Structures are given as C-alpha cells and as structure tokens.
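Asks: Turn this into a structure:
(2 chains)
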Amino acid sequence: MIAAVGKVYEWELAKLLAQKRTYLGLISAILVPIVFVVVLVLQTGGPNDVPLGRYIRDTGLAAPFVVLFFMSIWGLPLITALVAGDIVAAESHNDTLKTILTRSRDRGQVFAGKVLAVLTYTFVAVFAMGLVGLLAGTIAWGFHPLTSLSGTKVSGGHGFGLLVASLAVYFLPLAGIAAFGLLLSTVTRNSAASVVGSLMFALLMQLLGVLPGTESIRPYLLGTQFEAWHGFLRTPADWVPVIRALWVCALYISIPVAAAYLVFLRRDVASQ
Amino acid sequence: MSHELPVSARGLVKVYGELVAVDHVDLTVEKGDVFGYLGPNGAGKTTSLRMLLGLIRPTEGSIELFGRDPHVAGAKALDGVAGFVEGPTFYPYLTARRNLRLLAAYDDGDSRSRIEELLELVELRDRGDDKVGGYSHGMRQRLGIAAALLREPKLLLLDEPTTGLDPAGMRDMRDLVRRLAGEGITVLLSSHLLTEVEELCNRVAIIRKGRIVYEGRLRDLLATAATGFRLRSPELERAKALLLAQPGIGEVTSVDGSLRFQADEEAVAALSIALGQARIGVTALVPETASLEELFLGMTEGERVEGEVAAKEEAVA
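Replies: The predicted model follows:
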C-alpha cells in the first residue's frame, strides 16, 4: 500500500515539475521576498506597523518574518491554490483520469498520491519563500541577532531555528487552503474555478477575522492561524496559538480532504 | 464457468436523471473472441465500456472480468485487462516515453526495454521524446495501443481504435489487432466501421438506444439475412416463366434486369439443372446476402426493426 502510494506520489511530483504553473508558483514565492528586500534597500521607510517590521534593517533574519505577514493575505494562498485547484481538475480537463484509473492503482492510492504532492508543493513554496527571504535580507542587512516580539534579543542561530519552526507552523493554514482547493478541484473538475474559489475562501477567512462581532470565532478561523508563529517569537514562547493552530488546521485539512476523497472514490469518470 | 469469461455483464443499467443510457445490457465475451460492439453514436457503447472498466458505476447489474467485479475488487479486477475508451489520452506536457514510464510505474513495472520495444512496434520510437501534446490523432491512437500492451493484457478493450486514422493507419491498426488476437489476446472492439468488424470479429453485439438488439456469432447474424438468390439471363422472360413453374421457388421479382427469388439451396440446384435442360443461358446465379451494414442499419434505424430483430434472434437461437 505505502509503496503503491509512493509510486503515485513520485509521478505526481514529476508531473508537477513538468508543468509551467508549478514554476510560476515557486518562482513567485522566491521573487516576492527578493523584490521586497530590494524595495526596502532602495527607500528609507519601512513596515513599522507589522510584527518585526521596525527591526527589518537590523538583521536579515527579520525579513522572512515580515514577508510571511504580507504573503498570508493573498500571495501564498494564491500560490497554493494554483496547484491545489488544478491537481484533479487537470486530469478531468485532459481526460487522463480514465488512463490512470484503468491501471493497477486503486482510486484511494491515486488520491493519496495527489494529496501528498500538493502538500509537498505547498511546503516547498513556504520554505523557499522563507529561506530566500532570509538570504536576501542577510545580503542586505547582515545576519545579526533578532529582536523578539517581547523585545528580547535572540541570537542568529536561535533566530534561524525560530524561523524554521515558524515556517512549519505557517505551512498548516496553507495546507488548509490546499485541502479546500483539492476539494474544489475534485468536485468542480474545473481548474480556474477551483483556483479562484480557493483564493476567495482564503480571503473570506481573512475578512471574517477583521469584521466586528466575530471575536468569539476569530481564534478558530483559518486566517488567524497565519499568526500562530508569533508565539515562537515571544519570550518565553507562547504555545497557545501554536497548539491551537495544530488542531484547528487539522480540522481545516482533514474535513475537505475526506470529502474530496469520498467524491473521488465514487465519481463517474465520464468524458467532459 | 462464468469466472473464466473475460467479460460477463448481466443486466447493466445506467441512468442519468431521466435518461436511461444503458438499459439491461448483457454481454458475454469468451476467451479468444474478437468481439465487435456495434451501435450508432449515443447508443450506449462507450458508457457500457466505461462501466466494464470500472470508470462508471452502474445503476444496476453486475460485471465480471475474468470473474472479478471492478466495482468491488477495484484495480485488481483489471489485472490482465487493458485498453481505452473514447480514444487514448495522455499527459500532453510529458513525452511519449515519460507517459509510458508513468503508466508502467502505475502497473508496478518500469521496464525501459519493454517500453522501447512497444514504441518500436507502434512506430513511435523516433518520436518518443516528443511531448504528446504535439502528437497527431493517429500517433496518439498508436501510443494508446502501446500503453495497453504495456500491461501484457489477456483482454484488450478498444473503443473505435481506427477512428481518425488515414487508410494506411487503419490497415496497420487492423493488422495489429488481428496479430494480437492471433497471439491469444481476447479483444473487445467497439466500432462503427462495419467493414472493420466484419473483417476482424467472430462475435458481435449490437446496441440500440441502450439495449442489446443482437448478441452472438457474426456468421449466424449474417446467415439470418440470406435473403434469396439472383438470376441474370439474356432470356429473362423465359427464365421467369421457368422459375415460376419450378417447385420450391417463391416470391420472384424483376429488379434491375435480373430476377430475385426466395429458395433453399436444394431448389436452386434443381433450378440450375432445369435452366440447362431448357437451354436458357445463365450469366449469373448467386446467393444474395445482406451485408452487415444493411443488417446493422435495419436493427438500429426505425421502429419497424423491433419485430425483425426478434425474428432474427429466434432464427439464430
């Protein structure tokens, strides 16, 4: 079973690597922090009202955190949706589901391979963005200790560890968006509709979070989980938002994935 | 017994809302058959084939491929089964070789030498590194055959394999199907090209508006349509008079300068002797058989057909 899913996963990755949209997403994830740093180098102002924004020129370590903040609104959701919304719909568009579902792999194995491939792409996009942001920031402002959100100084090495942990937690809500995109992709069989729908879902989650009267549900909105990494940057670390992001995102991931799985398992593969 | 049958479908029904696309279809393909599945566009051929391959869930009925139901056993039921419906499809952004490697991986194999061998067989070896998106229809059809053979099938389901091919391509495809059948592969061939079916198939099923109107041996079907004999003679009036006087001869009609009549072979043999004795010259005395095309059109067009089909089925039985 694991080997069978592994083969599908391997070829799903190969398919992603052969498609322009994958590169469009990954290159965007890499370009955004570079452009962000270049713009800040060329001007004097800074994003002082965002977490770590006022320290951005103190150390390159602050750059990826600030980019994370800005990219959570629609940048990374769009990059994620670009592939998640397409991964099943493209099979319908190319009419290739019938080709792979008449081989020796069960539908569940094919679906699992696709889920893993989408999550891998999302993970790579987040880490590529974070690490390129760190590199660009370090080139511009050097690799110095980071001032945490509590105002304490954190060494460069520790700061790097916090960045990796933050990227990992930041990946969770994005995986929720990926799961929703996968569901739309499976149900609508339409790539464009799924990409746009996933982005709308992400924006709606952000919007709900800023509307008055939503305070009671705010901690459980997907958009809020994009801020869970702030917990790592406090002294001592605040695990509450991190733990909540883990289980809230697990729900946002598992429910759409389970629904998409059931649809994929039972759907008729007829011509479009 | 049924577990040995390559295909055994019983009471297959597929309903889409108000539309009954497939209506209680029974299909039996025996080992070694080259089975033709005929029907006009929209008759339910492709829906039936998709159900056989587990792509569409039947509303009612059961399917067994070598004794296993693809809707119960999943991909395991397709062991030894390969083919395509509505034309083969591939990932357009991958090369032909990569597409075949992907499919081989989905089958737990990745024998590059086998892939090369099959690309050679379908004459695509030189184009194997081209992306399939740039392939012509005929090249995709050939690649579809290679993809199917990659599974080393015992049963090959081919939906309109020669559609869109030029005459040489059609000939090559038919030769290939004939060759594969000769190697012992059972073939279920859906086609609307009746000459192709007549040339390749030993058994056929004809579907009309979702229902099977004939299933059986092709030669039995053709035999039901042995409509009579045709006589040509320079002395047509004398010949007609003799025919009418001859025992066992019925329904003599003059058509296009010849006489058509109903008779059994014994009566025709006696007639030929009588014509000779009467010194009436004969330029042709031949049996007239309806072509598969005529039978097919008769079965699939118009309401009058229903009764005829029942009669033909009875005759075959």
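Asks: Can you read off the pLDDT for the residue in the stretch 151-272 of chain A that chain B sits nearest to?
Replies: Proximity of the stretch 151-272 of chain A to chain B (Cβ to the nearest Cβ) peaks at A:V269, 4.0 Å away. C-betas here are computed from N, CA, C, even on glycine. Note on A:V269: pLDDT of 88.
Asks: Contacts only, for it.
Replies: Counting by Cβ atoms under 8 Å, 6 or more residues apart in numbering or on different chains, A:V269 touches A:97-98, A:101, B:50, B:55-56.
Asks: Closest one to B:A104 out of those residues, please.
Replies: Nearest to B:A104, judged by Cβ to Cβ, of the contacts of A:V269 is A:L101 at 15.8 Å.
Asks: Quick check: that closest one touching A:V110?
Replies: Yes. Taking Cβ atoms under 8 Å as the definition, A:L101 is a contact partner of A:V110 at 6.8 Å.
Asks: Quick check: the residue of the stretch 1-150 of chain A nearest chain B.
Replies: Among the residues of the stretch 1-150 of chain A, A:R103 lies closest to chain B, at 3.8 Å counting by Cβ to the nearest Cβ.
Asks: right, and the secondary structure at that residue would be what?
Replies: Of the three states, A:R103 takes coil under DSSP: H, G, I helix; E, B strand; the rest coil.
Asks: how about the strands in the chain?
Replies: Picked chain A for this. With strands called from DSSP state E, chain A shows them at A:146-147, A:153-154.
Asks: my bad, chain B
Replies: Under DSSP E, chain B gives strands at B:7-16, B:19-29, B:34-38, B:60-64, B:81-84, B:155-159, B:186-191, B:203-208, B:211-217, B:226-232, B:250-255, B:258-262, B:284-289.
Asks: Near residue 23, how many other residues are there?
Replies: Let's take chain A. 12 (other Cβ atoms under 10 Å in any protein chain shown).
Asks: ah, no, chain B please
Replies: Using other Cβ under 10 Å, B:D23 has 19 neighbouring residues.
Asks: ok, now A:S28?
Replies: Neighbourhood size, A:S28 [other Cβ under 10 Å]: 18.
Asks: for chain A, what are the nearby residues on the stretch 1-150 of chain B?
Replies: Residues of the stretch 1-150 of chain B lying close to chain A by Cβ under 8 Å from any Cβ of the partner chain are B:46-47, B:50, B:53-57, B:74-76, B:78-79, B:81-86, B:88-94, B:98, B:102-103, B:105-108, B:147.
Asks: out of the residues you listed, which are buried?
Replies: Neighbour-count burial (16 or more other Cβ atoms under 10 Å in any protein chain shown) applied to the residues of the stretch 1-150 of chain B next to chain A gives B:46-47, B:50, B:53-56, B:74-75, B:78-79, B:81-86, B:88-91, B:93-94, B:98, B:102-103, B:105-107, B:147.
Asks: Out of those, which sit inside helices?
Replies: Residues of those located in helices (DSSP state H): B:46-47, B:50, B:98, B:102-103, B:105-106, B:147.
Asks: from the stretch 201-317 of chain B, which residue is nearest to chain A?
Replies: Nearest residue of the stretch 201-317 of chain B to chain A: B:G210, at 14.9 Å (Cβ to the nearest Cβ).
Asks: Now for residue 14: which residues touch it?
Replies: All of this is about chain A. The contact partners of A:A14, by Cβ under 8 Å, 6+ apart, come to B:94, B:98, B:102.
Asks: please go with chain B instead
Replies: When contacts are counted by Cβ under 8 Å, 6+ apart, B:K14 touches B:20-22, B:44, B:47-48, B:51, B:56, B:58-59, B:210.
Asks: For the closest residue to A:L265 other than its chain neighbours, report the pLDDT, please.
Replies: Spatial nearest neighbour of A:L265, chain neighbours left out: A:R107 (5.2 Å); criterion: Cβ to Cβ, 6 or more residues apart in numbering or on different chains. We have a pLDDT of 94 for A:R107.
Asks: and A:R107, how many residues sit next to it?
Replies: 19.
Asks: same check, this time on B:G276
Replies: For B:G276, the count of nearby residues is 11 (other Cβ under 10 Å).
Asks: try B:Y16
Replies: Neighbours of B:Y16 using other Cβ under 10 Å come to 13.
Asks: swap in A:V115?
Replies: With other Cβ under 10 Å as criterion, A:V115 counts 23.
Asks: circling back: can I get the contacts of A:A14 in CSV with pLDDT?
Replies: Formatted as CSV, the contacts of A:A14 follow (pLDDT from 0 to 100):
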residue, pLDDT
B:L94, 96
B:R98, 95
B:L102, 95
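Asks: Pull up the gap between the spatially most central residue of chain A and A:M71, please.
Replies: By Cα atoms, centre = their mean, chain A has its centre lying nearest to A:L174, at 3.2 Å. According to Cβ to Cβ, to the nearest Å, A:L174 and A:M71 sit 10 Å apart.
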